[in-house]
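Participant: Quick one, what's the 3D model for this:
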Amino acid sequence: MAGSPTCVTLMYILWQLTGSAASEAMKELVGPLGGAVTFPLVSNVKQVDSIVWTFNTTPLVTMQPEAGTIIVTQNRNKERVSFLNGSYSLKLSELKKNDSGVYHVEIYSSSLQDPFTQDYMLHVYEHLSRPKVTMGLQSNKNGTCVTNLTCYMEHGGEDVIYTWKALGQAASETHNGSILPISWRWGESDMTFICFARNPISSNSSSPILARKLCEGAAGDPNPSTILLCLLLVPSLLTLFALGLFIWFIRRERQEESIEEKKRTDIRPETPNLCPHSGENTEYDTISYPNRTIPMEDPANTLYSTVEIPKKIESPHSLLMMPDTPRLFTYENVI
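Facilitator: Numbering: from 1, shown residues only. Alright, predicted model coming up:
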């Protein structure tokens with residue numbers, strides 16, 4: 001019976017050593033998108049025969065320290081997988097979103113009955129950009145603006161924690177959550193609202209939002225009937241403006257046509273005055289000549305006479321060139 005406690009103690013110690021070598025609690029790891037992460041591996045195994053890494057039950061890397069060989073299962077991971085100097089800790093580079101998952105490692109040794117195991121849970125996150133803010137329905141009563149502000153991320157919204165800060169009053173206020181209810185009365189000191197977003201690897205903040213700009217209509221407390229009247233008047237005013245513009249355009253076209261017609265009427269062809277104005281009116285008359293029948297010549301009863309041409313007329317042919325000189329023809333009939 002004396003040896004019983006010693007035997008129990010030895011069995012307990014052996015169970016602790018075997019249990020510690022057999023398994024460890026899962027470790028949570030985070031990594032940035034495009035960056036790198038290291039899976040720390042710490043064990044009490046002195047003689048290591050081989051190490052096997054798996055990702056979601058798919059073999060990733062097999063390592064044999066004594067032989068100095070490293071076998072990467074998939075070619076696309078050869079440039080991404082490496083081991084720290086003097087250790088068995090795995091380093092994975094150029095992280096992608098689909099690298100998130102469970103990583104499992106097993107260490108085999110002839111000194112262990114069961115392999116040493118370790119599990120890791122990896123989460124790959126994006127670096128947060130500037131968060132966006134939207135405003136909900138706004139109520140303006142008695143000069144008080146009441147509304148909600150919502151903060152959100154367009155991309156990379158996994159495991160994001162939102163915090164609001166209100167600055168400008170006697171003491172700054174902090175509100176946890178993506179939705180911030182605000183109530184601000186016109187005439188109070190202006191307030192500034194800022195949304196802070198963070199995830200396990202990064203953080204960012206929104207642009208400052210001023211209460212005065214956000215609640216510009218709170219002082220006027222617009223009546224719904226006034227808003228409806230404005231909505232009805234705006235189309236009517238636009239229609240009247242378009243009609244007036246059309247009428248002005250038609251009148252302008254008519255004025256231009258009237259001016260063009262007047263210009264064409266004023267332009268008349270001028271008849272050149274071939275005879276200069278001599279102060280007296282020139283009258284023209286038509287002289288008719290009777291159709292005289294020249295009797296047949298009777299040689300027995302005809303008396304011939306001689307006609308003399310005045311000296312100032314050099315040639316009989318010049319009589320034809322003078323329209324005002326009467327023709328000198330003399331006939332004597334002797335009966």
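Participant: distance of Ser139 from Lys27?
Facilitator: Noted for Ser139: a distance of 50 Å to Lys27, by C-beta to C-beta, to the nearest Å. All C-beta spots, glycine's among them, are computed from the backbone N, C-alpha and C.
Participant: Just the buried positions in the helix or strand that contains Trp164, please.
Facilitator: With secondary structure defined by DSSP states H and E, Trp164 is part of strand 161-167. Buried residues in strand 161-167, counting neighbours by 16 or more other C-beta atoms under 10 Å, are found at Tyr162, Thr163, Trp164, Lys165, Ala166.
Participant: Quick one: which of these has the lowest pLDDT value?
Facilitator: The member of the buried residues of strand 161-167 with the lowest pLDDT is Ala166, at 90.
Participant: what about the closest residue in space to that residue that isn't next to it in sequence, how many neighbours?
Facilitator: Sequence neighbours aside, Glu173 is the residue nearest to Ala166 in space, at 4.3 Å (criterion: C-beta to C-beta, 6 or more residues apart in numbering). As a burial measure, Glu173 scores 13 neighbours (other C-beta atoms under 10 Å).
Participant: What segments of the stretch 151-300 of the chain are strands?
Facilitator: 161-167, 173-176, 179-185, 192-198, 203-205, 209-210 (DSSP state E, counting those that start in this stretch).
Participant: The strand holding Trp164 versus strand 192-198: what angle between them?
Facilitator: Relative orientation of strand 161-167 versus strand 192-198 (axes from the mean of the first three to the mean of the last three C-alpha atoms, to 10 degrees): 160 degrees.
Participant: Compute the inter-axis angle for strand 161-167 and strand 179-185.
Facilitator: Going by the same axes, to 10 degrees, strand 161-167 is angled at 10 degrees with respect to strand 179-185.
Participant: what packs against strand 161-167?
Facilitator: In this structure, strand 161-167 packs against strand 144-152, strand 173-176, strand 179-185, strand 192-198, with contacts taken as 3 or more C-beta pairs under 8 Å, 6 or more residues apart in numbering; DSSP states H and E.
Participant: And for it, what's in contact with it?
Facilitator: Contact with strand 161-167 is made by 131, 149, 151, 172-178, 180, 182, 191-199, as judged by C-beta atoms under 8 Å, 6 or more residues apart in numbering.
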